[in-house]
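Novice: could you look at this predicted model? Sequence included:
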Amino acid sequence: MTEQLEICILAAGIGSRMQSDKPKVLQTLGGRPLLAYLLDVADEMKAAAIHVVIGQGADAVKAAFPHRRDINWVLQAERLGTGHAMQQVASSLADSGRVLVMLGDCPLIRTSTLQSLVAVDADLSVLTVDMSDPFGYGRIVRDGEQVQQIVEERDTDDRQKTIREINTGVMAADIKGIRQWLTLLDNDNAQEEYLLTDIVAHANDAGCGVRAHKAVDAIEVTGINTFTQLAGLERGLQMNIVEELMNNGVQVMDPARLDVRGSIKTGRGVRLDINVILEGDVTLGDNVDIGPNCIIRDSTIGDGTVVRANSIVEEASVSNECIIGPFARLRPGAELADEVHIGNFVEVKKSKIGLRSKANHLAYLGDAIIGQDVNVGAGTITCNYDGAFKHETNIGDGAFIGTNASLVAPVSIGAGSTIGAGSTITKDVDSQVLAVGRSKQVTVKNWQRPIKRN
């Protein structure tokens, strides 16, 4: 019978070297809080219980995960070391089984690596990695397969400093054993802290088996203490994502200038130019072409659509064979049917635009329902806000909206009608008519322009 597994994430770090008021585990990597990655892994491990140790900024950390009611949040009121953090959890653990301890600032640990660690036949197993420059890390002191001790950098002697195998901080232990070892910790070390790594020596004293499992890829066990380290890990993460995209047939023009901050699904023949940012849940259909300097956020873009340079698409649904931009903005609620053209400096918000309709220049379309084959001229705006409420504009199939038209909602433009350039439309327009709403042009002769007096 498989032992019950519980997971503990040590997430009380304040990130003092970042000089930030934000708790370290809420700093973002790939657009997500660091802690989110560890919680995903905990879910994949199918843990019977998830304990998260939090400290300064505890309320902010909990508030960032409002739907995670399965988490046992454990407060470490005083930051007296990793061993002290686990001491706060000990009473919440089951009477038997195993506990996996992870670090909240080590977000890229793989589920497969942790599964291998937990499967090690030992009372205590520690995750290690070989590093060419181990400075600053705790060294693994062995006697054959038995791990005898983990010595922190400050406490190492000259021989121990040469050891390349280092401690990652991740370990799996028998619950009964770790509960006992935690009671034996003291703070007689250079840091004057209760260090979780000291349980290795106590487990040895008790005659218990202590084994190591080596991680293959150093990036997955890299911790974060500074913004420099965070930026370095971000680049590593992005390169891994880009490599996977390219292996799946996506043409990335410059792998160093693409950022994915969420999840992305792509069809065949997708092309991504430089400085593209993909955030949240993004789906790109077959033969989608995203131009340089574009941001796509929580949106779906259909087959054959081209998003030209410097455009933003946010919480929008774009169908097939559309052309967006350059310098276009689709705001939340924009829904474009097939073959729609949204051109330069056009903004669309909470509007449905029908088949083959076009707004090619300098327009604002908000809270509008636009039929098919509609032409919206340059400078057109739907005046949807009266200062208190939003109102809807309806434009029928085949309508032609002349340049510099103001459509004052709520208003409807009938199918096939034409709105003369420069018109302000405040009343509904019937189908198949011309509507002109201009003031009469007046010429004043002998008019003198005002003169500035010294």
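Specialist: Sure thing, it's come through.

Novice: give me the domain ranges for the chain.
Specialist: 5-221, 238-435 (automatic domain parsing).

Novice: any idea how far residue 432 is from the nearest residue to residue 197 once chain neighbours are set aside?
Specialist: Leaving aside its chain neighbours, residue 197 sits nearest to residue 150 (3.9 Å; criterion: Cβ to Cβ, 6 or more residues apart in numbering). For glycine as for every other residue, the C-beta is placed from the backbone atoms N, C-alpha and C. Note on residue 150: its distance to residue 432, by Cβ to Cβ, to the nearest Å, is 83 Å.

Novice: and those two? Which one has more around it.
Specialist: residue 150 (26 against 13; other Cβ atoms under 10 Å).

Novice: which element is the more buried one on?
Specialist: Assigned by DSSP states H and E, residue 150 belongs to strand 146-151.

Novice: helices along the stretch 351-454 of the chain, start to end?
Specialist: Read by DSSP state H, counting those that start in this stretch, the stretch 351-454 of the chain holds no helices at all.

Novice: again with the chain
Specialist: Using DSSP state H, the helices of the chain run over 34-44, 58-63, 82-89, 111-119, 175-182, 199-205, 227-247.

Novice: winner for burial among these?
Specialist: helix 82-89 (a mean of 22; mean count of other Cβ atoms under 10 Å).

Novice: follow-up on the earlier one: closest to residue 452 out of the domains of the chain?
Specialist: Of all the domains of the chain, domain 238-435 sits nearest to residue 452, with 29.9 Å by Cβ to Cβ.

Novice: now the closest one: average pLDDT?
Specialist: Averaging pLDDT along domain 238-435 gives 97.

Novice: how far does that domain stretch from start to finish?
Specialist: This stretch, domain 238-435, spans 54 Å end to end (Cα to Cα, to the nearest Å).

Novice: ok, now stretch 262-272?
Specialist: Stretch 262-272: ends 16 Å apart by Cα to Cα.

Novice: what of stretch 417-432?
Specialist: So stretch 417-432: terminal residues 4 Å apart, Cα to Cα.

Novice: just stretch 310-326 next, same as before
Specialist: End residues of stretch 310-326 are separated by 6 Å (Cα to Cα).

Novice: how far off centre is it?
Specialist: Relative to its chain's centre, stretch 310-326 lies at 21 Å (Cα atoms, centre = their mean, to the nearest Å).

Novice: what does it rub up against?
Specialist: 285, 291-309, 327-344, 348 (Cβ atoms under 8 Å, 6 or more residues apart in numbering).

Novice: likewise for stretch 146-160?
Specialist: 126, 135-142, 167, 189-191, 195, 197-198, 200-201, 204, 209-212.

Novice: that one: which residues count as buried?
Specialist: Neighbour-count burial for stretch 146-160, counted by 16 or more other Cβ atoms under 10 Å, picks out 146-147, 149-152, 156, 160.

Novice: do the same with stretch 115-133
Specialist: 116-118, 120, 122-129, 131.

Novice: can I get these in TSV with pLDDT and distance to residue 37?
Specialist: Shown next, in TSV, are the buried residues of stretch 115-133 (pLDDT from 0 to 100; distance: Cβ to Cβ, whole Å):
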residue	pLDDT	distance to residue 37
116	95	18
117	96	17
118	96	18
120	94	23
122	95	26
123	96	28
124	96	25
125	97	22
126	96	21
127	96	16
128	95	21
129	94	18
131	89	21
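
Novice: now the two most distant members of those residues.
Specialist: 123 and 131, at 26.1 Å, using Cβ to Cβ across the buried residues of stretch 115-133.

Novice: identify the bridge partners of residue 262.
Specialist: Note on residue 262: beta-bridge partners residue 280, judged by DSSP bridges.

Novice: show me what contacts it?
Specialist: Listed by Cβ under 8 Å, 6+ apart, the contact partners of residue 262 are 30-32, 278-282, 298.

Novice: show residues contacting stretch 122-133.
Specialist: Outside stretch 122-133, the residues that touch it by Cβ under 8 Å, 6+ apart are 113-114, 117-118, 137, 140, 147, 150, 164-174, 177-178, 199-200, 203, 208-215, 218, 221.

Novice: again, 6 Å this time
Specialist: With Cβ atoms under 6 Å, 6 or more residues apart in numbering as the contact definition, stretch 122-133 has outside contacts at 117, 140, 164-166, 168, 170-174, 177, 203, 208-215, 218, 221.

Novice: again with stretch 427-446
Specialist: Defining contact as Cβ under 6 Å, 6+ apart, one finds that stretch 427-446 is touched by 411-420, 422-425.

Novice: 7 Å - rerun?
Specialist: Outside stretch 427-446, the residues that touch it by Cβ atoms under 7 Å, 6 or more residues apart in numbering are 396, 411-420, 422-425.
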